[in-house]
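how would this look folded up:
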Amino acid sequence: GQNELAKHFPAGSGSPLVVIASKDKYQNVIQKIDQIGGVINSIPVMDGKNVKVVNNQVMINVTLNYLDGSADAQNVVKNLRSILPSIDNTALVGGGTAVSLDVNNNAKRDLRVIAPLILFVILIILVVLLRSLVAPVILILSVILSFTATVGLSAFIFNHLFHFPGSDASIPLFGFVFLVALGVDYNIFLMTRVREESLKLGTRAGILRGLSVTGSVITSAGIVLASTFAALSVIPILFLVQIAFIVAFGVLLDTLIVRTLLVPALSYDLGKYIWWP
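Got it, this is the predicted structure:
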């Protein structure tokens, strides 16, 4: 819709930026806005023949030559937010593009805060469960590797195979929560059994025994879970399609590669040191 609009009108005319400025300084604000690249015009909201003033503030609609939400439009928002306070320290920049920028920034912040917190809590649980420091660290690193591989491959497929127009800013966080929870579950099933067998058979023999005993159960659970999430892809909502693919692929990666090959192989190579101290 935006592309069709841009063929006949300025690209950002369907969703202009909104700038709120004080009534005493709005004219200076407009002059400054018009000097910024990509701005077509900036027009204050009128009340008849006069500029409309509410609570000593004026609303200015800023039309851009860029599509709403695009990287170029977001750069204009960043420029306005950095420049306008020097003219009017009460000035605010809003509108669709500004909302998109704020949502993206907050989603990135959430991932930076929540992901390490989740991993730390899981690490403590694994240390208590396995009575070890080395094994939990290996399990956490394997989960992180699985998640990053899943997101990387998903991004490639979304962009170059499915040609999706974009993605929701919260996709990485939701994907992380699902995949870390599910991936650690499978590793817990495996390593708790390995620990039990290692006490009786020794570490390397215990790893092989634990893997063979839990293999069919974990693989079956992973396939069922991946199929269940994959069913969400039939819903014509981009967010759900992407979550369905990320979780289904990530679960299969955890089930068939990480839990079956990576974690047992690393544990086998380390031998008894896996249970240090």
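
neighbours around the residue nearest to Pro277 when sequence neighbours are not counted, how many?
Sequence neighbours aside, Leu133 is the residue nearest to Pro277 in space, at 6.5 Å (criterion: Cβ to Cβ, 6 or more residues apart in numbering). (C-beta placed from N, C-alpha, C; glycine too.) Neighbouring residues of Leu133 were enumerated by other Cβ atoms under 10 Å; the total is 14.

Equivalent analysis for Pro85, please.
12.

list the contacts for it?
Residues near Pro85 by Cβ atoms under 8 Å, 6 or more residues apart in numbering: Ala91.

Look up the pLDDT of it for me, please.
pLDDT recorded at Pro85 is 95.

how far away is it from Val54?
21 Å (Cβ to Cβ, to the nearest Å).

And for Ile188?
58 Å.

Neighbour count: the two, which is higher?
Per other Cβ under 10 Å, whichever of Ile188 and Val54 has more neighbours is Ile188, with 16 against 11.

What helix or strand is the more buried one located in?
helix 171-201 (DSSP states H and E).

And the helices in this protein?
Assigned by DSSP state H, the helices in the chain fall at 2-6, 26-34, 71-83, 96-130, 134-160, 171-201, 203-230, 238-253, 263-270.

Need the residues that contact the first one.
Outside of helix 2-6, the residues within contact range by Cβ under 8 Å, 6+ apart are 11, 13-14, 67-68.

and if you look at the third one?
Helix 71-83 has contacts (Cβ under 8 Å, 6+ apart) with 12, 17, 19, 32-33, 36-39, 62, 64, 66-67, 93, 95, 97-98, 100-101.

Which among those count as buried?
Burial by neighbour count, judged by 16 or more other Cβ atoms under 10 Å, picks out 12, 17, 19, 32-33, 36, 38-39, 62, 64, 66-67, 93, 95, 97-98, 100-101 from these.

Tell me which residue of this protein is positioned farthest from its centroid.
Within the chain, Lys49 marks the point farthest from the mean C-alpha position, 47.0 Å out by Cα atoms, centre = their mean.

Isn't Leu25 up against Asp88?
Slight slip there: residue 25 is Lys, not Leu. Yes - contact criterion Cβ atoms under 8 Å: Lys25 and Asp88 qualify, at 4.2 Å.

roughly how far apart are the residue nearest to Pro277 and Leu123?
9 Å.

so where's the chain uncertain?
Within the chain, the set of residues satisfying pLDDT under 70 is empty.

Mind doing that once more with 90?
Along the chain, segments meeting pLDDT under 90 span 1-14, 49, 67-70, 165-169, 181-187, 259.

So for Pro277, which of the helices of the chain sits nearest?
helix 134-160 (8.5 Å; Cβ to Cβ).

just checking, what packs against that closest one?
The contact analysis (3 or more Cβ pairs under 8 Å, 6 or more residues apart in numbering; DSSP states H and E) places helix 134-160 against helix 96-130, helix 171-201, helix 238-253, helix 263-270.

wait, which of those helices is closest to Val224?
That would be helix 238-253 among the helices and strands packed on helix 134-160, by Cβ to Cβ, at 9.5 Å.

what sits against the most centrally placed residue in the chain?
Centroid-nearest residue in the chain, with Cα atoms, centre = their mean: Pro172, separated by 2.4 Å. By Cβ under 8 Å, 6+ apart, Pro172 lies in contact with 107, 111, 151.

Make JSON lines from those and add distance to Asp72 and neighbour count to it.
Below are the contacts of Pro172 laid out as JSON lines (distance: Cβ to Cβ, whole Å; neighbours: other Cβ atoms under 10 Å):
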{"residue": "Ala107", "distance to Asp72": "20", "neighbour count": "17"}
{"residue": "Leu111", "distance to Asp72": "25", "neighbour count": "18"}
{"residue": "Val151", "distance to Asp72": "26", "neighbour count": "18"}
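
any chance of those residues in JSON lines, with distance to Gly215 too?
JSON lines is the format used below for the contacts of Pro172 (distance: Cβ to Cβ, whole Å):
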{"residue": "Ala107", "distance to Gly215": "37"}
{"residue": "Leu111", "distance to Gly215": "33"}
{"residue": "Val151", "distance to Gly215": "27"}
